[in-house]
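**Student:** From the sequence below, what's the structure:
(chains A and B)
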Amino acid sequence: MASAAQRRIKSISYAKYGYMFIAPFFLVYAFFQIWPLIYTFILSFKGNQSNCGAWVGLDNYTTIVLGQGLAPGAANIKAEFLQALGQTFILWFGNFVPQILLSLLLAVWFTDAKLKLPGKGFFKVVMYMPNIITAASVAALYVNLFGDSERYFVNSLLMHNFGMEDPIKFLSTPWPARILVMFIQTWLWFGNTMIMLMSGIMGINPSLFEAADIDGANSSQIFFRVTLPLLQPIMVYTLVTSMIGGLQMFDIPYLLRTGAQYSKNLETVAVFVYANFNNGPANVSNYGLAGAASMIIFVITAILGSITFYMNRDKDEIAKKKQRKRAEKQYKAKMKQGGLTL
Amino acid sequence: MSKKDIYAQPKDNYHAKIVAKSTAVFIVCILLTLLCLVPIYILIVNATHTSEELRRNASQFFPGNALMTNINFLLEKLPEDASRTDKNTAQMYAGQFNVVKGYINSLIIAGCTTLLTVFFSAMTAYGLTVYDFKLSGPAYTFIIAVMMIPVQVSSAGFVNFMYQLNLIDSFIPLIIPAVAAPAVIFFMKSYMKSSFPLDIVEASRIDGCGEYRTFLTIALPMMKPAIAVQAIFAFVANWNNYYTQNMILKDQSKKTIPIMVSSILGFDRTPNYGVNYLCVCLSILPIVIIYFCLSKFIIAGVALGGVKE
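**Tutor:** Purely as a prediction, here's the structure:
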């Protein structure tokens, strides 16, 4: 029997402190994130520019998806959005594939105990460095390296030293510019991905590699049969974050230009949204179109995230859980029958 | 069965193969290192050439001696006999790329956001870990779910809302939202789960320490490693943030380094190539210095962020 004092101590509740500790986060998040999100949703049903206060229903969505709507040049807006969507995918895919292959290769090499590789720490530091530099500066740097005329580094190099006649217009022709963006994105991110994959590989029990080695597996067998399957969770994480990051790709495509206007050949959905709302207050910007495009990105993000997680969920773990539950049920049933006593 | 079948033969030329592979890997790594460093090297080298030199030959591989000329140009300290065009260009550059102002603005924003992010994220993570209350589970699920939402999705509403509140050209909409950083909370919570024994909270309660004091004087110091890593990342991320800053800050005197460096891209009519390189150089200088001082922590932090069970 518990004494009165004990009962009183038990009844002290610290729950209110819990609420107080998490309150600032939720207040600020609601004010600066959730309300703007809801407000973006509301704006997507309202008009653009001089028509900004009016309720227009699904007009912005039909403009973007079907090319029919109140906005002047609705068909052009639809074409622009679809082009931006396609380019987003191209730019993402074109940087993700080389990036993941390069990072995986480097991560396997750097964690291979058999290889004698001096200066690993130095390589890691240097390869991660591009990721830390301001993206706007990186864009400005690459514009100065790959500018369209002979006044810029690469064209000057090719024309003065390799006898090329005309400069290559890296920035104003579609595919060279896109390939340049893919290259820059890979340059920026491969070090980051490599370090994450390395920490994943180092988390694998080393005795598994030893066992495979003793059993006579060669390095490619070890990679495909041991490393890759055990790396699956972290690969999924990388894929999802990269996809969602790809939908947000903004700084490099937006700033890789000379002049005041961003390049249409590099326009991503994030640039489309930004260009529509960034002219100023509501009566001079297309908040409706920007809102509708934002909501489309939101839905795509949500779908991508859940599909990938569903497809790559840990099947073994689920099977184990089911087994555990079944065992528990059987145990309880036996308890009920009185066949087992504790 | 003979012994030969049971025991595997030693691999042929095992040592030679390892050496060959190591050498090949080393060469690839050197090449990738060059790929990372050469653009930065060219950037620095070209910042030391005058615009005239670069107009004649833009592919300079060796340092020139015009660094001071370029710096003076950017500070609008031109020689007496400078041409009118040069004076106008210098005025334009100095107006758009006021480097001292940019450093101060960026430092204010990045410094304040970093403090708010790490303090309030540690606090939220502490609240979710230590206290057992009805909504702690749903709250944590919510934080994990919203971690994935891209900032782009809500930015149209955010900017419109800020126009309504008259907070355009103010640092408030850039600093205060830093209180809510779901990814940092996630990191801190996993850190606390692995290296913050809850018995300590019990012990401090028995000793009569209040809940807030327990957090401030016991939990925060114990979370120093996690806080340090997240502070570095928060600082760098906010210093580099072009997207949000460019949509809020329109006034010339409020602009930060990323906005300033992007504005030099607009000078395509009368560019000063050497000064362009110098501007980019100046914009990455603080971050690169921070990086090479703290690279060990940063690399370790990236590795930690990737560990998922």
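**Student:** Distance-wise, check the most centrally placed residue in chain B relative to residue B:37.
**Tutor:** The residue lying closest to the centre of chain B (Cα atoms, centre = their mean) is residue B:236, at 2.3 Å. Shown here: residue B:236 relative to residue B:37, a distance of 19 Å by Cβ to Cβ, to the nearest Å. For every residue, glycine as well, the C-beta is placed using N, CA and C.
**Student:** so where's the stretch 201-309 of chain B shaky on pLDDT?
**Tutor:** Where the stretch 201-309 of chain B drops to pLDDT under 70, the residues are B:268, B:305-309.
**Student:** all helices of it, in order?
**Tutor:** B:211-213, B:220-222, B:224-240, B:243-248, B:257-263, B:273-306 (DSSP state H, counting those that start in this stretch).
**Student:** Most tightly packed of those helices?
**Tutor:** For the helices of the stretch 201-309 of chain B, average neighbour numbers computed from mean count of other Cβ atoms under 10 Å in any protein chain shown are highest in helix B:257-263, which has a mean of 25.
**Student:** So residue B:79: helix, strand or coil?
**Tutor:** coil (DSSP: H, G, I helix; E, B strand; the rest coil).
**Student:** Torsion angles phi and psi at it?
**Tutor:** Dihedral pair for residue B:79: phi -60, psi 160, per degrees, to the nearest 10.
**Student:** State the number of residues packed around it.
**Tutor:** When neighbours are counted by other Cβ atoms under 10 Å in any protein chain shown, residue B:79 registers 9.
**Student:** where's it relative to residue B:86, distance?
**Tutor:** Distance from residue B:79 to residue B:86, counting by Cβ to Cβ: 9 Å.
**Student:** for the residue of the stretch 1-150 of chain B found nearest chain A, what are its contacts?
**Tutor:** Residue nearest to chain A within the stretch 1-150 of chain B (Cβ to the nearest Cβ): residue B:127, separated by 2.6 Å. Residue B:127 makes contact with A:17, A:18, A:19, A:20, A:21, A:22, B:136, according to Cβ atoms under 8 Å, 6 or more residues apart in numbering or on different chains.
**Student:** What's the per-residue pLDDT of the spatially most central residue of chain A here?
**Tutor:** Nearest residue to the geometric centre of chain A (Cα atoms, centre = their mean): residue A:245, 2.3 Å. Residue A:245 is assigned 85 on the pLDDT scale.
**Student:** which parts of stretch B:67-75 are buried?
**Tutor:** By 16 or more other Cβ atoms under 10 Å in any protein chain shown, the buried positions in stretch B:67-75 come out as B:67, B:69, B:70, B:73, B:74.
**Student:** Would you reformat these as TSV and include secondary structure?
**Tutor:** Below are the buried residues of stretch B:67-75 laid out as TSV (three-state DSSP):
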residue	secondary structure
B:67	helix
B:69	helix
B:70	helix
B:73	helix
B:74	helix
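**Student:** which one of the residues you listed is nearest residue A:73?
**Tutor:** Nearest to residue A:73 out of these is residue B:74 (Cβ to Cβ; 41.5 Å).
**Student:** I figured that closest one was touching residue B:96, is that so?
**Tutor:** No - counting by Cβ atoms under 8 Å, residue B:74 does not reach residue B:96; the two are 10.3 Å apart.
**Student:** I'd say residue B:67 and residue B:44 touch.
**Tutor:** No - in this structure residue B:67 lies outside contact range of residue B:44 using Cβ under 8 Å: 9.3 Å.
**Student:** Good, wrapping up.
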